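# fold the stuff below for me.
(one chain, ligands or ions: 1)
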Amino acid sequence: MRYCARCLYPENARPTIIFDDEGVCSGCRYHQSRKTLEINWEERQKMLEQILQEAKDMAKARGNSHDCIIPVSGGKDSHFQVWLMTKKYGMNPLLVTFNHSYNSPAGLRNLENLLQKSGCDAIRYTAGLDSVRRVSRYMLETVGDLTWHYHAGIRTFPFQVAVKYNIPLIIWGEHGFAELTGIVSLEDFVEFTRWTRKEHDMRGYEPHDLIGKGGITLNDVGPYIYPTDEEIEKTEVRGIYLSNFYTWDAKEQGESMMREWNFSPVAYERDRTFNLYAKIEDHANDVHDYLKYLKFGYGRATDDASMEIRHGRMTREEGMEMVRYYDAREPSTLQNYCDFLGFTKKEFYALVDSQRDPAIWARNSAGEWEAQDAVFRHPITQSEEVQRVVQSADRTFAPENRHLYYNLKNPPLPLDDISLNKQSIKFRVL
Ligand SMILES: [Zn+2]
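Next up is the predicted model:
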């Protein structure tokens with residue numbers, strides 16, 4: 001396997017990344033491009049102001065009190081989006097949550113915190129647990145994704161609300177695929193469209209494709225049905241990504257939201273990553289991420305360490321240690337999801353068999369699957385040396401960051417809210 005000479009991504013990373021002549025991946029180049037002077041952030045923020053003013057004017061003309069929708073989960077990004085829009089731009093958002101049911105205590109604590117601190121109006125749709133079970137099980141069997149209903153719901157339900165309440169603007173946070181893999185550039189100014197929703201977020205599936213499969217009914221897929229073109233046109237709703245207008249540094253935003261609005265990280269050792277403040281609201285993320293490892297041979301520690309490396313907060317050596325420690329680990333929540341979805345663990349692993357990428361996985365003589373390579377097996381050569389980024393004084397594992405990144409030698413202090421000090425094996429519906 002070929003690995004990026006700068007970060008730790010393998011060549012088979014999903015969604016697709018491209019390596020250039022120097023062996024550096026498109027995600028690293030994208031990250032670099034965000035720092036170059038060619039992008040005039042001031043000008044972009046003026047553009048954003050204009051879009052927001054338009055939305056305000058439209059809402060006023062419609063006699064609407066809400067000028068935009070912010071989809072929120074209770075994560076650090078939700079906090080930042082709502083904080084920025086209300087405090088800096090004087091928007092009056094309607095917060096919209098699609099409750100996929102796979103909640104962690106930290107997510108629920110932070111969602112409540114967001115409602116308390118922002119004082120905003122909010123709508124929350126809770127998908128029925130039986131529907132969640134059917135859809136989640138079917139998509140796990142078909143594409144190896146038990147969280148398909150998250151992405152489908154989070155990307156669809158806000159549009160249903162926009163149409164229903166005649167609200168012209170939806171404000172998303174980060175264009176995640178761009179930052180991870182650089183498949184679109186900042187110049188593209190991507191907006192949210194029906195196409196990106198289907199291809200990126202819903203793995204090419206529309207909800208109607210699921211009806212009749214695995215006992216799935218129209219009722220089960222109701223929250224995932226996108227409004228018609230006519231409805232979208234009539235509402236004139238558009239979806240924008242804030243990361244097109246602001247430099248997006250997850251650490252900086254996480255810290256500022258802890259300071260401003262008391263957003264909380266967790267204080268326990270997580271199963272799949274050293275990061276203590278990102279995606280902590282998503283209880284199924286550990287299993288979801290483990291599936292990525294079983295399919296492609298890398299997981300969240302690769303994602304998170306690569307980001308730290310790009311920011312110069314971690315060396316390649318430190319990153320490789322994280323990958324070695326976390327990526328292959330079976331999450332302790334796996335049995336709980338197998339029980340909920342009606343599989344044995346053996347059946348779960350058998351399901352993945354046909355989805356393993358032969359570029360990385362092969363069976364050994366005993367018939368067991370074995371990863372054929374890993375980034376930490378590759379020595380650092382001249383090609384990697386020349387690609388090192390300038391190191392920042394802010395180190396991932398510095399004592400002042402101990403509440404943000406789990407350091408085995410210097411773990412975080414316990415938090416006041418005891419539910420944030422110990423991992424919950426079971427998810428919480430409400
Ligand atoms: Zn890279």
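# which other helices and strands does the helix or strand hosting residue 79 contact?
Secondary structure from DSSP states H and E places residue 79 in helix 76-83. Counting contacts by 3 or more Cβ pairs under 8 Å, 6 or more residues apart in numbering; DSSP states H and E, helix 76-83 packs against strand 68-71, strand 93-99, helix 105-118, helix 250-261. Every C-beta, even on glycine, is put in place using the N, C-alpha and C of the backbone.
# so what does the longest helix anywhere in the chain touch, helix or strand wise?
Identified as the longest helix of the chain according to DSSP state H is helix 41-61. Applying 3+ Cβ pairs under 8 Å, 6+ apart, we find helix 41-61 packed against strand 169-172.
# state the mean pLDDT of the strand it packs on.
Regarding strand 169-172, the rounded mean pLDDT is 95.
# alpha carbons only: can I get that strand in CSV?
Extracted in CSV, the C-alpha atoms of strand 169-172 (Å, rounded to 0.1, in the frame of the first residue of the first chain):
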residue,chain,number,x,y,z
LEU,A,169,-31.4,29.4,3.9
ILE,A,170,-29.7,26.4,5.5
ILE,A,171,-26.3,26.9,7.1
TRP,A,172,-24.1,23.8,7.2
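# for it, give me every contacting residue.
When contacts are defined by Cβ atoms under 8 Å, 6 or more residues apart in numbering, strand 169-172 is touched by residues 51-52, 55, 67-71, 81, 85, 93, 158-159, 162, 192, 237-242.
# what's the mean pLDDT across the longest helix of the chain?
The predicted model assigns helix 41-61 a mean pLDDT of 95.
# stretch 408-420 now?
In the prediction, stretch 408-420 has an average pLDDT of 94.
# likewise for stretch 131-147?
Averaging pLDDT along stretch 131-147 yields 95.
# ok, back up a step: report the angle between the axes of the helix holding residue 79 and helix 250-261?
60 degrees (axes from the mean of the first three to the mean of the last three Cα atoms, to 10 degrees).
# indicate which one of the helices and strands packed on helix 76-83 is closest to the ion.
In terms of Cβ to the ion, the element of those nearest to the ion is helix 250-261, at 16.7 Å.
# could you point out which element follows the closest one?
Using DSSP H and E, the helix or strand that directly follows helix 250-261 along the chain is helix 285-296.
# elements contacting that following helix?
By 3+ Cβ pairs under 8 Å, 6+ apart, helix 285-296 packs against helix 300-310, helix 334-341, helix 345-352.
# what's it in contact with?
Residues outside helix 285-296 that contact it (Cβ under 8 Å, 6+ apart): 10, 12-14, 140, 144-147, 270-273, 279, 282, 298-300, 327-334, 337, 349, 352, 355-357, 360, 369.
# and the angle for it with helix 300-310?
Using the same axes, to 10 degrees, the inter-axis angle of helix 285-296 relative to helix 300-310 is 90 degrees.
# could you give the angle of the longest helix of the chain to strand 93-99?
Per the same axes, to 10 degrees, the angle that helix 41-61 makes with strand 93-99 is 90 degrees.
# right, so of the helices and strands packed on helix 285-296, which gets closest to residue 62?
helix 300-310 (40.5 Å; Cβ to Cβ).
# any part of the closest one near the ion?
No. Figure legend: helix 300-310 not in contact with the ion (Cβ under 5 Å from the ion); closest approach 6.2 Å.
# in which helix or strand would I find residue 125?
For residue 125, the element it lies in under DSSP H and E is strand 121-126.
# and the next element down the chain from that strand?
Using DSSP H and E, the helix or strand that directly follows strand 121-126 along the chain is helix 129-143.
# list the buried residues in that next one.
Buried positions in helix 129-143, judged by neighbour count with 16 or more other Cβ atoms under 10 Å: 131-142.
# need those residues in a markdown table (columns: distance to the ion).
Formatted as a markdown table, the buried residues of helix 129-143 follow (distance: Cβ to the ion, whole Å):
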| residue | distance to the ion |
| --- | --- |
| 131 | 39 |
| 132 | 35 |
| 133 | 38 |
| 134 | 38 |
| 135 | 34 |
| 136 | 32 |
| 137 | 35 |
| 138 | 34 |
| 139 | 29 |
| 140 | 29 |
| 141 | 32 |
| 142 | 30 |
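# OK, contacts around residue 422?
residue 268.
# tell me the phi and psi of it?
Per-residue torsions, residue 422: phi -140, psi 140 (degrees, to the nearest 10).
# and it, how far from the ion?
34 Å (Cβ to the ion, to the nearest Å).
# got it, and residue 236?
For residue 236 relative to the ion (Cβ to the ion), the value is 39 Å.
# equivalent analysis for residue 262, please.
Separation of residue 262 from the ion (Cβ to the ion): 34 Å.
# now residue 174
Taking Cβ to the ion, one finds residue 174 at 18 Å from the ion.
# could you do residue 352 as well?
According to Cβ to the ion, residue 352 and the ion sit 26 Å apart.
# show me which residues of this protein sit near the ion.
The chain has residues 4, 6-7, 25, 28 near the ion, with proximity defined as Cβ under 5 Å from the ion.
# 6 Å instead, please
Residues of the chain lying near the ion by Cβ under 6 Å from the ion: 4, 6-7, 9, 24-25, 27-28.
# buried ones in stretch 329-346?
Neighbour counts over stretch 329-346 (16+ other Cβ under 10 Å) mark 329-331, 333-338, 340-341, 343 as buried.
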